[in-house]
Structures are given as structure tokens and as C-alpha cells.
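Asker: pasting a predicted model and its sequence here:
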Amino acid sequence: MAPSELPENWQDLIADYALGALPPEDVELVQQWLHQDPAVQKELQAYQEVLALLPYALPLSTPSRRVKQRLLAAVGDPSTGSAWRPRRIWVWAAIALGVGLFLGGDNLRLRQQVADRDRLQQELVAVRAERDRLLLEQQDADIILTALGQPSTTIYTLQGVDPDEPTYGSLVTLPDRSEMVLVSHNLPPLVGDRIYRLWSVPDESADPVYCGEFNSDATGTSHWTAPSNTCVTPPHQLLITIDRVTDPPLPTGQLVMASKA
């Protein structure tokens, strides 16, 4: 069938057919077109593909007065008494409304899924941080227990030099392994280029010997290898100072803790 043989409103009839709103007397006519004309078949298929989205749309809400007026202006007012038939623009308005609701609901669900994913990721980061902290505490506890089990282990007590700050700690040395473990309380972590340094004073007349550096953390436990055998030899006194990371290994920093001489 040539397109010129179809009536002027054939696309409106196809739209009604797709919606199931075509009068019985016109159904047979449209079916004849579908058997004879590929263009009619393609038009119907286009309507059916778009209408297939409507079952997935959110429940329809009552349109506003403004929307009603715009739809009536587009399709014509049936109260005028003229023979009124839904036109193709009404079909597309209904389809657009349904698809719009579907996409809006889909976007809402997507935003909720993204928010849930972000929340779960934050919780996962917090859980991993707590796991790492517990593992670090376990490692520190294992080191201390190992140190306490060695016959050559020596423990020294250090006190904060500021009377307003109740800082104290215990230094555990393992001479056989040249390892040192400091368990401190109320020793604040340092930021920037600051670091704690440990010094050993072999005797009253000797200069302090550099015995390593560390920073405090939430566990209060620090572990490092002594740089020389002098550090694991019983000293006259132990000192802890605050220095810059770039400072030379000389005892010029601020004194924060010391053992009894």
C-alpha cells in the first residue's frame, strides 16, 4: 500500500491501536494496513517499544492544574461538542509523563544506592583502621612479652620533667637483640618535622649518646633497634628530648622525660 493511500489521520489510528483504544470498526482496517504496509508496521512497533516502559514507571500522581490545562490545550477540549478522538500528541504526552516518572524514580533509587555505598565504604575504612590499630597493639604486646621473658631484659622508669603534665613511661631493653621498647603514658604525638629522641648518659662526666628516635601514637608503645651497644648497656641516666628530624644527633632539643640518675 502506498503512503498516499492511507488517510491523513492514520498515525493517530495507529497510536489508538497501540493503546487498545481504537473503536472496533477501525481495528479491522488498521490490521489490513499492518498486513500490507511495512511503514505502518514500523510505526506500530515504535509506539509499542515506548509503551513497554510504562509498567516500570512509578505510580501516577494527580497532575497539577497547570499540567491539566496544558494537556487540554494540546489535545483539544471534549466539551466543545466536536467529535473528539485522542490524537497522537496526547499519546506522546502520556508516554512522556510515564517515562519521566520512571526516570525520576530510577534516579532517586540510584542516588540512594550511591549514598548507601558511600556509607558502607566509610564504615569499611573505619573497621580497617580499628583492625590495624588492634594488630599494632597485638604486635606491641608480643614484643613486650618477648622482652620480659628474656633473662637479659632491663626495664628503666622515666618521668616527665613538666610537673603539670603527668607523663611517665618504661623503657625495656633487650641487649642480646639490640632492641628497645618504650611504653609511655600521656606522651603526645608530634606533628610536622618534630621527633622524640632517646639519649643514654653512660656516666656523670660523659656526654649523652644518641640511642634512636621515635614518635608516640595512640597505643603509647614505640619499638626500634638501638644504634649502638652503648644504648643497651646499663646507663647512668636516660633522657628523651624533642628535636627536629633534620637536627644533627646532638642533645640540644627540649628535655621532656628522664630517668633517675
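Answerer: Sure thing, it's come through.

Asker: and Ile240, how many neighbours?
Answerer: Ile240: 27 surrounding residues under other C-beta atoms under 10 Å. Glycine gets a C-beta too; all of them are placed from N, C-alpha and C.

Asker: phi and psi next, for it.
Answerer: Per-residue torsions, Ile240: phi -130, psi 130 (degrees, to the nearest 10).

Asker: contacts only, for the nearest residue to Arg244 once chain neighbours are set aside.
Answerer: Distances taken as C-beta to C-beta, 6 or more residues apart in numbering place Asp193 nearest to Arg244, at 5.2 Å, with adjacent residues excluded. Listed by C-beta atoms under 8 Å, 6 or more residues apart in numbering, the contact partners of Asp193 are 244-246.

Asker: okay, the strand or helix carrying Thr173 in CSV with CA atoms only?
Answerer: Using DSSP states H and E, Thr173 sits in strand 168-174. Output of strand 168-174 as CSV, limited to C-alpha atoms (Å, rounded to 0.1, in the frame of the first residue of the first chain):
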residue,chain,number,x,y,z
TYR,A,168,55.8,8.7,82.5
GLY,A,169,56.9,5.6,80.8
SER,A,170,59.0,2.4,80.9
LEU,A,171,61.9,1.6,78.6
VAL,A,172,62.6,-2.1,78.0
THR,A,173,66.0,-3.0,76.5
LEU,A,174,67.0,-6.4,75.1
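
Asker: low-confidence ranges, the chain, go.
Answerer: Along the chain, the parts satisfying pLDDT under 70 run over 1-4, 50-110, 130, 132-152.

Asker: helix, strand, or coil at Gln45?
Answerer: Put simply, Gln45 is helix when judged by DSSP: H, G, I helix; E, B strand; the rest coil.

Asker: count the neighbours of it for me.
Answerer: Residues near Gln45, counting by other C-beta under 10 Å: 11.

Asker: likewise the one 4 residues further on?
Answerer: Other residues within reach of Glu49, judged by other C-beta under 10 Å, total 10.

Asker: so who does it touch?
Answerer: Neighbouring residues of Glu49 by C-beta under 8 Å, 6+ apart: there are none.

Asker: that one and Arg119, how far apart?
Answerer: Distance of Glu49 to Arg119, given as C-beta to C-beta, to the nearest Å: 37 Å.

Asker: and for Glu179?
Answerer: In this structure, Glu179 and Arg119 are 43 Å apart, going by C-beta to C-beta.

Asker: mind checking which of the two has more residues around it?
Answerer: Just comparing Glu179 and Arg119: by other C-beta under 10 Å the higher neighbour count belongs to Glu179, 19 against 10.

Asker: what residues sit buried inside the strand holding Thr173?
Answerer: Within strand 168-174, the residues scored as buried using 16 or more other C-beta atoms under 10 Å are 169, 171-174.

Asker: packing partners of it?
Answerer: Judged by 3 or more C-beta pairs under 8 Å, 6 or more residues apart in numbering; DSSP states H and E, strand 168-174 is in contact with helix 88-148, strand 154-160, strand 179-185, strand 254-259.

Asker: repeat that with 7 Å
Answerer: The contact analysis (3 or more C-beta pairs under 7 Å, 6 or more residues apart in numbering; DSSP states H and E) places strand 168-174 against helix 88-148, strand 154-160, strand 179-185.

Asker: alright, that wraps it up for me.
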